[in-house]
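> The following block contains a protein sequence and its predicted model.
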Number of protein chains: 2
Amino acid sequence: MTEETAVRTVQIKEDITSRNNAQAASIRESLIREKIFYLNVMSSPGSGKTTLITQLLNRLRSDYRIGVIEADLDSDVDARTIAQTGVKVIQMHTMGACHITCQMSREALDALGTQELDVVILENIGNLVCPAEFDTGAAENLVLLSLPEGDDKPLKYPLMFEIASAVAVTKLDTAPAFDFSPDAFRANVHRRNPEAPVFFVSAVAGDGLDELEAWLRSRINAVIGRE
Amino acid sequence: MTEETAVRTVQIKEDITSRNNAQAASIRESLIREKIFYLNVMSSPGSGKTTLITQLLNRLRSDYRIGVIEADLDSDVDARTIAQTGVKVIQMHTMGACHITCQMSREALDALGTQELDVVILENIGNLVCPAEFDTGAAENLVLLSLPEGDDKPLKYPLMFEIASAVAVTKLDTAPAFDFSPDAFRANVHRRNPEAPVFFVSAVAGDGLDELEAWLRSRINAVIGRE
């Protein structure tokens, strides 16, 4: 009886994720056709997604028309932070859900309104597990790991690092307080995802932001057809 | 069509969690009847669960017979760390699942073997969302938040802090590198969970461990019937 329940749970999950991912492909294709670059930013709770996005907005918003979707189980503290940069932002509440499905992604894109935008940035739920399973329809996945979390995390949360287009280690300025090996981390990422570029950044001190910005501009320009 | 899918997903989730939680209550009752204290330790990835558990094991293992269940999506690095303390430990792989159901919990307890134990500690998947929804049958939930994650996290991950028996802020030694207000954090926890004790600890420097140990001993002794 209980054994059957466990098996059934897995089956339901596979049905939901495979249906989700088929629909996500159509979101991705239609956004790319409309020359809109959609970036999905994922990480653990508290690893600095909002702070890094704010820095990137300040560097990009004079060149691109950008909108931001802030996803959270509850609260709108991040959306209020992003709104201070002057870009268009909406808050999506997932009502307790641990990830963004492509349906939620589509509704948020509609609510934001993408007609006049070049770039949409989705700040996903802080979670290294579930968001990796649900394709949002984004063109690229930027995965952050804060340095305090430790260099072994790609071994423990493999899918998140497998689906990353690029990985950025945040809070580089706190390195003296932690035992974190950049070489071990890079090796752990590349074991799962040999091609992913790995950036080391501090949104506070500014390190590494030029390199991350250059990567992001190249991905944006490839979609919107700018040199 | 797509709207129906989203609604159906929520419904399925409610069915699974309510069935899970009914079964979890029976695990909890039978363990308490057998005078076995079962502790569920939850937090984000990389917030120091394994390191703190190791410190607590070193303080408790001469007085109690302790077993540890290490849950991970993949890898066995944590189980190998715990094994060095000399306590009985098993590794559970969730095959990508973001939480421990009570069925997985029961199988792990059976695999560990609880007959000769006073205490079982479950190190749950690193995730502030899903593990909060799935009662494992533990007598108490210890929720950790590492100081680098920020004092606003109880606002963003409310359920995890609501179900906490106690909350411990880890990595207190790194406080100089971060803008974290202990008072704001305590207020954010108590907004959701007015009774929960909040500890501030450093597993490296030793701060706060006496207080956390005293809380844990009182909870263990209440279940196993020791003064």
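Received the coordinates, thanks.
> Relative to chain B, how far out is residue A:211?
From residue A:211 across to chain B, the span is 23 Å (CB to the nearest CB, to the nearest Å). For glycine as for every other residue, the C-beta is placed from the backbone atoms N, C-alpha and C.
> I'd assumed residue A:27 was in a helix, is it?
Yes: under the criterion used here (DSSP: H, G, I helix; E, B strand; the rest coil), residue A:27 sits inside a helix.
> With the flanking residues excluded, which residue is spatially nearest to it?
residue A:137 (2.9 Å; CB to CB, 6 or more residues apart in numbering or on different chains).
> Same check on residue A:139?
Residue A:139 sits nearest to residue A:38 (CB to CB, 6+ apart), 5.2 Å away.
> need the contact list for the one you found.
A:27, A:28, A:31, A:109, A:119, A:120, A:122, A:136, A:137, A:138, A:139, A:140 (CB atoms under 8 Å, 6 or more residues apart in numbering or on different chains).
> The nearest residue to the second one once chain neighbours are set aside: what secondary structure?
Nearest residue to residue A:28 in three dimensions, chain neighbours excluded: residue A:137, at 4.6 Å (CB to CB, 6+ apart). Look at residue A:137: counting by three-state DSSP, its state is coil.
> mind listing the strands in chain A by residue range?
Using DSSP state E, the strands of chain A run over A:37-42, A:66-72, A:88-93, A:119-123, A:140-146, A:166-170, A:198-200.
> how many other residues sit next to the nearest residue to residue A:70 once chain neighbours are set aside?
The shortest distance from residue A:70 to any non-neighbouring residue, by CB to CB, 6+ apart, is to residue A:79 (4.2 Å). For residue A:79, the count of nearby residues is 19 (other CB atoms under 10 Å in any protein chain shown).
> what do you get for residue A:101?
25.
> before we move on, what about residue A:226?
12.
> how much space between it and residue A:35?
Taking CB to CB, to the nearest Å as the measure, residue A:226 falls 9 Å from residue A:35.
> and if you look at residue A:123?
Relative to residue A:35, and taking CB to CB, residue A:123 is found at 22 Å.
> And for residue A:179?
Where residue A:35 is concerned, residue A:179 sits at a distance of 45 Å (CB to CB).
> Next: residue A:77.
Counting by CB to CB, the gap from residue A:77 to residue A:35 is 32 Å.
> shouldn't residue A:221 be in contact with residue A:139?
No: proximity of residue A:221 to residue A:139 does not meet the contact threshold set by CB atoms under 8 Å, at 11.9 Å.
> ok, the two, which is more surrounded?
residue A:139 (19 against 15).
> circling back: more neighbours: which of residue A:179 and residue A:35?
Legend: neighbour count by other CB under 10 Å for residue A:179 and residue A:35, higher for residue A:35 (12 against 8).
> Now do the same contact list for the more buried one.
A:118, A:223, A:224, A:225.
> 7 Å - rerun?
Going by CB atoms under 7 Å, 6 or more residues apart in numbering or on different chains, residue A:35 touches A:223, A:224, A:225.
> what's the closest of the residues you listed to residue A:88?
Using CB to CB, residue A:224 comes nearest to residue A:88 of those, at 16.7 Å.
> ok, the closest one to residue B:117 distance?
60 Å.
> Compare those two (neighbour count), which wins?
More crowded of residue A:224 and residue B:117, by other CB under 10 Å: residue B:117, with 22 against 17.
> where along chain A do the helices fall?
Secondary structure of chain A by DSSP state H: the helices cover A:2-33, A:49-60, A:77-83, A:102-112, A:153-156, A:158-162, A:182-192, A:209-224.
> Pick the most buried one from those.
helix A:153-156 (a mean of 24; mean count of other CB atoms under 10 Å in any protein chain shown).
> May I have the beta-bridge partners of the residue sitting nearest the centre point of chain A?
Centroid-nearest residue in chain A, with CA atoms, centre = their mean: residue A:41, separated by 1.3 Å. Under DSSP bridges, the beta-bridge partners of residue A:41 are residue A:123, residue A:142.
> burial count for residue A:36?
Residues near residue A:36, counting by other CB under 10 Å: 22.
> surely it meets residue A:115?
No: in this structure residue A:36 lies outside contact range of residue A:115 using CB atoms under 7 Å: 9.1 Å.
> how far does stretch A:61-74 stretch from start to finish?
27 Å (CA to CA, to the nearest Å).
> How about stretch A:60-80?
19 Å.
> what about that stretch, distance to the chain center?
In this view, stretch A:60-80 has its centroid 12 Å away from the chain centroid, taken as CA atoms, centre = their mean, to the nearest Å.
> Give me the average confidence score over that stretch.
For stretch A:60-80, mean pLDDT is 92.
> Just the buried positions in it, please.
A:60, A:64-73, A:75-76, A:78-79 (16 or more other CB atoms under 10 Å in any protein chain shown).
> Closest one of the residues you listed to chain B?
residue A:75 (4.4 Å; CB to the nearest CB).
> For residue A:174, list the residues it contacts.
Taking CB under 7 Å, 6+ apart, we find residue A:174 in contact with A:147, A:148, B:148, B:174, B:177.
> How about the residues of chain A by chain B?
A:2, A:5-6, A:9, A:12, A:16, A:19, A:23, A:44-46, A:72-75, A:77, A:96, A:98, A:101, A:103, A:125-130, A:146, A:148-150, A:152-153, A:155-159, A:171, A:174, A:177 (CB under 7 Å from any CB of the partner chain).
> burial of residue A:194, as a residue count?
7.
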